[in-house]
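Using only what follows, build the 3D model:
(2 chains)
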Amino acid sequence: MNTSMNGLAVPDVSVGQRSPEKVKKLKRPGRWASYIMMGLVAVLVIQSVATNPNFGWPIVGEYFASPRVLDGLVNTLQLTFIAMLLGVVLGVILAVMRLSTNPALYGAAGLYIWFFRGTPVFVQLLFWGFISALYPTLALGIPGAEPLFSTDTNSLITPVVAAILGLALNEAAYMAEIVRAGIVSVGKGQTEAAHALGMSNMRTLRRVILPQAMSVIVPPTANNVISMLKTTSLVSVLSFPELLYATQLIYAENFQTIPLLITASIWYLIVTTLMTIGQYYTERHYNKSTRAQGLSIMRRFIELQKRRGTNDAPAR
Amino acid sequence: MTQTPKVMVKATNVWKSFGHNEVLKGINLEVKAGEVTTLLGPSGSGKSTFLRLINHLDTASAGRITVDGDLVGYREHNGALHELRPQSIAKMRSEVGMVFQQFNLFPHMSVLQNIMEAPVGVKKESKARVRERAERLLERVGLADKRNAYPGSLSGGQQQRIAIARALAMEPKLMLFDEPTSALDPELVGEVLDVMHDLASTGMTMIVVTHEMGFAREVADSVVFMDGGVVVESGRPKDVLSNPQEERTQAFLSKVL
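Model prediction:
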């Protein structure tokens, strides 16, 4: 037996070999208790769901893949995609405006974000739905002169247009904050290096800042897509037949409210599950492409600490 | 000498303050074309700030700086200074290379992309031509085998050599170095200084803010010692470094040598 530094006896092992010592795992009785409890709860829930006839599982099965429900699902997916796309584009523009040095631009962006984040999206959707009460006709032209183009508001702002406007304009306000956080996360040195090479502000943003900001922007954006999918259900108040309203129309006829709400919920769950899997892979992708960068940030930090040790204040 | 070399950088009574903090208090300086000038001085003496004014990364509070005869950041018209448009400032910067203490390579681009980005994107040169030049520069800084590597996988010394190559790819008439070796591990300082030494021997005009006394002594044509926002002493390295006239220079050198 050898004696280690702290005086404990250690088995005689030659250098470079793993010690053959046995380690007894810590007992975790609490863990076993929780397994049993959760198991019991699960059994009760499953039994209740399976045996309560009010769930109407046969009706769920009947409508699950019915054309009306599937049409609603397609509408929901399209609405999610279009609203998100417009929200991202407008959000990037707002974020850049917000970071501009021009008071008119950052002021306007700030006001926009304040308003659209400060009122519920449901209220905003209702406003777009009732827009014709505010402006019965829409006209294009020079104020005071005969309009070049004039139309009834309701013919232009149809339920689908109101839905897209309501969701996209609201989303833009949130996306603006996400994009802004991403842009701000890229170090000032990157902008300086780009400027020192003669790159314009736009080019610096496009080629240097935004690509690096992506790793900060993408994960919360993926989160917002999932959130948007569910928010589209609010559009049912505008009588646009997305997934929820499509099922509502069916239960208005057959009064099978619960089974049809379950049908809609299952579809929402399926799509959000698929999106979550997608989110996992996009996040992994963006982490991978920034792993090298992460390393260099770490290295920079270590170097900074080293410098602190040698000369106290960094030179300006 | 048959003719006096032309002046590349001329600073006239340059002041700079950040809020109430006066960093530069009337800098007068001349850097001749083809010469290497090192700016020495304690931390906070304003050397890095002055360097950043030369390519307008910061704006002087008062005074004038000219690069190759052109006023930096302004246009003079009817006796008044007019701020230049961003495009004109960018154009001026594209002719002045800058190397930073923290390298500031673009981490999402490969080494080759880092070097080619500005010549292709800003100067609109042909990709093939720039690529050829980039390969040559990589050869010169001894990193030809790293052309497809990403900055994060390189050592600090390698990153800084790439940063120098990136600046040189724009074919600048002036190179600014802002403490290029201060963020490096001691054993990596030499490889960067070697590249700078080699660059100096090609006749590049260089202004180097540094704490490397050896470099100042061996490579520089002139040494400028700054303290408290003013130029305390300047001249040939052997005069300033070996036989300083000013008390503050003597005090500083006694600490660093």
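
so where's the stretch 51-200 of chain A shaky on pLDDT?
The stretch 51-200 of chain A contains no residues with pLDDT under 70.

In it, which residue sits nearest chain B?
The stretch 51-200 of chain A approaches chain B most closely through A:Gly198 (2.7 Å), counting by CB to the nearest CB. The way it works is simple: take the backbone N, C-alpha and C, and place the C-beta from them, glycine included.

for the closest residue to that residue other than its chain neighbours, what are its contacts?
Excluding the flanking residues, the one nearest A:Gly198 by CB to CB, 6 or more residues apart in numbering or on different chains is B:Ser94, at 2.7 Å. By CB atoms under 8 Å, 6 or more residues apart in numbering or on different chains, the contact set of B:Ser94 is A:Leu197, A:Gly198, B:Ala118, B:Val122, B:Lys123, B:Met170, B:Pro172.

let's go with 10 Å and repeat that
A:Ala196, A:Leu197, A:Gly198, A:Met199, B:Asn55, B:Ala118, B:Pro119, B:Val122, B:Lys123, B:Met170, B:Glu171, B:Pro172 (CB atoms under 10 Å, 6 or more residues apart in numbering or on different chains).

Could you check the pLDDT of the last one?
Here, the pLDDT recorded for B:Pro172 equals 97.

Ok, the fifth one next?
We have a pLDDT of 94 for B:Asn55.

ok, now A:Ala292?
If you check A:Ala292, the pLDDT there is 45.

Repeat that for A:Arg28.
89.

so where do the strands sit in the stretch 1-150 of chain A?
Taking DSSP state E, counting those that start in this stretch to define them, one finds strands in the stretch 1-150 of chain A at A:2-3, A:9-10, A:137-140, A:149-152.

Quick one: neighbours of B:Thr49, just the number.
B:Thr49 has 25 neighbours, counted by other CB atoms under 10 Å in any protein chain shown.

Going by secondary structure, it is in what exactly?
helix B:47-54 (DSSP states H and E).

what separates that helix from the chain centre, distance-wise?
Remark: helix B:47-54 is offset 9 Å from the chain centroid, using CA atoms, centre = their mean, to the nearest Å.

list the contacts for B:Arg52?
A:Glu192, A:Ala196, A:Arg316, B:Lys16, B:Asp58, B:Thr59, B:Ala60, B:Met98, B:Phe100, B:Leu176, B:Asp178, B:Val209.

of all those residues, which comes closest to A:Thr263?
Comparing these against A:Thr263 with CB to CB picks out A:Glu192 as the nearest, at 56.5 Å.

Looks like the closest one contacts B:Phe103 (just checking).
No. With contacts defined as CB atoms under 10 Å, A:Glu192 does not count as touching B:Phe103, sitting 11.6 Å away.

For those two, work out which one has more neighbours and name it.
Shown here are A:Glu192 and B:Phe103; by other CB under 10 Å, B:Phe103 has more neighbours (26 against 20).

distance of that one from B:Leu154?
Separation of B:Phe103 from B:Leu154 (CB to CB, to the nearest Å): 9 Å.

what does B:Lys238 give?
Look at B:Lys238 and B:Leu154: by CB to CB, they are 36 Å apart.

Repeat that for A:Ala181.
Computed with CB to CB, the distance linking A:Ala181 and B:Leu154 is 28 Å.

between the two, who's got more neighbours?
B:Leu154 (21 against 14).

Hmm, B:Gln160 and the more buried one touching each other?
Yes. In this structure, B:Leu154 is within contact of B:Gln160 by CB under 10 Å, at 9.3 Å.

Find the residues that touch each one of the two.
With CB under 10 Å, 6+ apart, B:Leu154 and B:Gln160 have common neighbours B:Phe103, B:Leu105.

tell me the contacts of B:Leu143?
Contacts for B:Leu143 (CB under 10 Å, 6+ apart) come out as B:Val111, B:Leu137, B:Ala149, B:Leu154, B:Gly157, B:Gln158, B:Gln159, B:Arg161, B:Ile162, B:Ala165, B:Glu191, B:Val195.

could you show me where the helices are in the chain, in order?
All of this is about chain A. A:29-51, A:57-64, A:67-98, A:103-118, A:121-129, A:131-134, A:153-156, A:159-185, A:188-196, A:201-203, A:210-231, A:243-254, A:257-289, A:291-310 (DSSP state H).

Actually, chain B is the one I wanted.
Using DSSP H, the helices of chain B run over B:47-54, B:86-93, B:111-121, B:127-140, B:156-168, B:186-201, B:213-218, B:237-242, B:247-256.

just for the stretch 51-200 of chain B, where's the confidence low?
Within the stretch 51-200 of chain B, not a single segment meets pLDDT under 70.

no wait, the stretch 201-316 of chain A
A:287-316.

switch to 50 and redo it
Applying pLDDT under 50 to the stretch 201-316 of chain A picks out residues A:291-297, A:309-316.

Identify the residue of the stretch 101-250 of chain B closest to chain A, quick one.
As assessed by CB to the nearest CB, chain A sits closest to B:Gly152 within the stretch 101-250 of chain B, at 2.7 Å.

That residue: neighbour count?
B:Gly152, neighbours per other CB under 10 Å, totals 19.

just checking, it touches B:Ile162?
No. Assessed by CB under 10 Å, B:Gly152 is found out of contact with B:Ile162, at 11.9 Å.

just to revisit the earlier point, okay, the angle between the helix holding B:Thr49 and helix A:188-196?
Angular relation of helix B:47-54 and helix A:188-196 on a 0 to 180 degree scale: 40 degrees, by axes from the mean of the first three to the mean of the last three CA atoms, to 10 degrees.

and the angle from helix B:47-54 to helix B:86-93?
In terms of direction (the same axes, to 10 degrees), helix B:47-54 departs from helix B:86-93 by 120 degrees.

follow-up on the earlier one: now for the contacts of B:Arg52: which two are most distant?
Largest separation among the contacts of B:Arg52 by CB to CB: B:Ala60 and B:Phe100, giving 19.7 Å.
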